[in-house]
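>>> Predicted model follows, preceded by the sequence.
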Amino acid sequence: MVAMTTGSLKAQKKETIKQIDFTKSTRGYEARIRVTPDSVVTRVEDFRADEKVKQSGRKLSAAEWRALLKTLKKVSLESIPSLPSPGMQRASDAALQGTLQITTTQQTYAHSFDNEDPNAKLVPLLKAMKALVPGKQR
């Protein structure tokens, strides 16, 4: 009976990733890349520019989604919030606030960092996300 309970708990803990977001922001500016199993959308809000909001998107292939998920193969989702950030300049507004957020069917896991410099375990994910977006929209 204990084995069944343990097995049931493991089955309940299985999480499916629904979307992954990368956001970088400061006062008056925010850029976001959102990737889901079937799309990638970029949105830039720059209240200092003439065109305040720019948004674009495209379909994502199943192969691209699998490749993105593969970058997380060696990372425990539960460990993401506690991964150390390489710097803390964002605390004094000396750097953009960067955040990677992974949303599953059960929970959201987030990691904050300076600019585009996440914990080394998440660098492959960020690079893969940015590669899905045309150069000027990164």
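Structure's in. What do you need? Residues are numbered from 1 along each chain as shown.
>>> Leu126 should be in a helix, yeah?
Yes. Counting by DSSP: H, G, I helix; E, B strand; the rest coil, Leu126 is part of a helix.
>>> That one contacts Thr23, correct?
No. Leu126 lies out of contact with Thr23 (C-beta atoms under 8 Å); the separation is 11.3 Å. All C-beta spots, glycine's among them, are computed from the backbone N, C-alpha and C.
>>> hey, where'd the helices end up in the protein?
Using DSSP state H, the helices of the chain run over 2-13, 62-70, 123-131.
>>> just checking, what packs against the biggest strand by length in the chain?
In the chain, assigned by DSSP state E, the strand with the most residues is strand 17-26. On a contact count with 3 or more C-beta pairs under 8 Å, 6 or more residues apart in numbering; DSSP states H and E, strand 17-26 meets strand 29-36, strand 97-104, helix 123-131.
>>> what comes into contact with it?
Defining contact as C-beta atoms under 8 Å, 6 or more residues apart in numbering, one finds that strand 17-26 is touched by 30-37, 68-69, 72, 93, 96-105, 115-116, 125-126, 129-130.
>>> In PyMOL, how would I select the buried members of these?
Restricted to buried positions by 16 or more other C-beta atoms under 10 Å, the PyMOL selection for these reads:
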select buried, resi 30+31+32+33+34+35+36+37+68+69+72+96+97+98+99+100+101+102+103+115+125+126+129
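>>> and the helices of the chain, which one is worst for confidence?
Sorting these by mean pLDDT places helix 2-13 lowest, at a mean of 38.
>>> Check which residues of stretch 21-30 are buried.
Neighbour-count burial for stretch 21-30, counted by 16+ other C-beta under 10 Å, picks out 21-24, 30.
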